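A.B. asks: Got a predicted structure plus its sequence, pasted below:
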Amino acid sequence: SSMGLQDVNKLRVTLSLESKELKKGVDDAKKSLRTLSSELYYISQSAKYISRDLTLAFTAPFVAAVGYGTYKLIEFEKEMASVNTIAQLSSASLARMGNHLEDIAVGFGTTASEAARALYWINSASFKGSQGLEVLNQTMIASVAGVTDMSSAARVLTGALNAFGMSAMEAADVNDILFR
């Protein structure tokens with residue numbers, strides 16, 4: 001059986017309609033792919049900024065903390081070197097003294113560097129060794145009670161002890177008089 005003209009025209013219309021629908025489908029698919037591509041680009045840019053922000057939020061403070069810790073350690077080492085210009089301790093004794101200062105400084109809410117600076121003043125006022133540590137302990141109490149820095153408290157306390165010819169063991173008595 002042969003196809004009639006009418007059947008051929010029907011086939012042409014059908015093929016033409018299907019071709020138009022196919023073209024519309026392809027165009028819609030292209031549009032969807034462009035939208036998806038655009039959204040993926042936006043997501044990748046957002047991820048880049050989030051990554052940068054996380055780096056700034058976590059890395060920068062970490063680096064700052066390490067830098068500050070290093071600075072404080074160097075400051076403490078310098079103060080301990082100053083203490084040793086007077087105390088003349090061996091390396092091992094100086095290290096033990098440094099550890100002791102770090103321990104007691106925490107108890108008084110101060111820094112080891114400030115304690116070392118005060119110990120320098122105490123040693124320079126001729127209170128060394130265990131006498132120096134006793135005066136340092138009283139200096140820390142005085143600095144808290146008198147709301148002053150430890151170096152100032154050390155100078156006042158050692159000045160009073162030396163002026164009246166008193167020993168380190170009498171430092172608590174001087175504090176009682178000064179901070180009643």
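C.D. replies: Okay, I see it.
A.B. asks: How about stretch 100-115, which residues are buried there?
C.D. replies: Neighbour counts over stretch 100-115 (16 or more other CB atoms under 10 Å) mark Leu101, Ile104, Ala105, Phe108, Thr110, Thr111, Ala112, Ser113, Glu114, Ala115 as buried. For the C-beta atoms, the positions are set from N, CA and C on the backbone; glycine is no exception.
A.B. asks: Please list all residues in contact with Met97.
C.D. replies: Met97 makes contact with Met80, Val83, Ala87, Leu89, Leu119 under the criterion CB atoms under 8 Å, 6 or more residues apart in numbering.
A.B. asks: how much space is there between it and Ala47?
C.D. replies: 52 Å (CB to CB, to the nearest Å).
A.B. asks: For Gly4, give me the pLDDT.
C.D. replies: We have a pLDDT of 72 for Gly4.
A.B. asks: before we move on, back to that, among the buried residues of stretch 100-115, name the ones in strands.
C.D. replies: When those are checked against strands using DSSP state E, none is located there.
A.B. asks: Any chance of the residues you listed in JSON lines with distance to Ala57 and pLDDT as columns?
C.D. replies: Shown next, in JSON lines, are these (distance: CB to CB, whole Å; pLDDT from 0 to 100):
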{"residue": "Leu101", "distance to Ala57": "35", "pLDDT": "90"}
{"residue": "Ile104", "distance to Ala57": "36", "pLDDT": "88"}
{"residue": "Ala105", "distance to Ala57": "31", "pLDDT": "88"}
{"residue": "Phe108", "distance to Ala57": "34", "pLDDT": "85"}
{"residue": "Thr110", "distance to Ala57": "31", "pLDDT": "86"}
{"residue": "Thr111", "distance to Ala57": "27", "pLDDT": "88"}
{"residue": "Ala112", "distance to Ala57": "30", "pLDDT": "90"}
{"residue": "Ser113", "distance to Ala57": "29", "pLDDT": "90"}
{"residue": "Glu114", "distance to Ala57": "32", "pLDDT": "91"}
{"residue": "Ala115", "distance to Ala57": "34", "pLDDT": "92"}
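A.B. asks: Tell me the one among the residues you listed nearest to Ser32.
C.D. replies: Thr111 (63.5 Å; CB to CB).
A.B. asks: didn't the closest one look like it was pressed against Ala105?
C.D. replies: Yes. Thr111 is in contact with Ala105 according to CB atoms under 8 Å; the separation is 5.8 Å.
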